[in-house]
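Student: Model the following, please.
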Amino acid sequence: MSVDVFQIVLWGTTALLLLALIIFWWRQDVRERREAALARRWSKATTWNADRTARVVRVARLTSGVAWLEHEDVEFEVRLPDGLAGVEAGCYLHVTGWAPAARAAKRGRTVRIGAENVREAFPPETPAIVDRLMGRGDRRPGLVSRLLRMRGL
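Tutor: Residues are numbered from 1 along each chain as shown. Reported below is the predicted structural model:
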């Protein structure tokens, strides 16, 4: 093996390893940015919402265009807007007008919420992601931190 072939193999392998690390870090950064944006949307819907009648409610059942929501022992149907994609059972919906509708449902009235009251949809894993980003949930350590036994990496 000549010196030229050795250097080509050495620098080629080094370049491939660096490229793999850059791709790994880039993908992790994209995932973290997506999760941070989801957590920001969740906090705007739950904590920083000026509408006191709005709630983020879990979807119990789903049929075509209609979802049954449940929260605090109240369950009733909500019409879904056409532009809302990816809604399935277990997802969360940000619904305005929930508080008066829940009071009416507890009194025994039949209540239906229209599609105009549904503001946003969140995937089922959103509360766990928000808890993890806020430091409350279990954070699975990454590969490097497991190898080096350091939690912060």
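Student: tell me which residues of stretch 16-35 are tucked away?
Tutor: Under the neighbour-count criterion of 16 or more other CB atoms under 10 Å, stretch 16-35 has residue 35 buried. In short, each C-beta sits where N, CA and C put it, glycine included.
Student: That should have said stretch 95-113, apologies.
Tutor: Applying 16+ other CB under 10 Å to stretch 95-113 flags 95-98, 101-102, 105, 111, 113 as buried.
Student: same question, stretch 58-73
Tutor: 58-59, 62, 67, 69, 71.
Student: Stretch 41-60 now?
Tutor: 42, 45-46, 49, 54-59.
Student: In the buried residues of stretch 95-113, find the pair that's most separated.
Tutor: 96 and 105 (15.7 Å; CB to CB).
Student: Now the buried residues of stretch 58-73 in a markdown table, please, with extra columns for pLDDT and distance to residue 13.
Tutor: A markdown table is the format used below for the buried residues of stretch 58-73 (pLDDT from 0 to 100; distance: CB to CB, whole Å):
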| residue | pLDDT | distance to residue 13 |
| --- | --- | --- |
| 58 | 89 | 50 |
| 59 | 90 | 50 |
| 62 | 87 | 51 |
| 67 | 88 | 53 |
| 69 | 86 | 55 |
| 71 | 77 | 56 |
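Student: Tell me if I am right that residue 13 is in a helix.
Tutor: Yes. Counting by DSSP: H, G, I helix; E, B strand; the rest coil, residue 13 is found in a helix.
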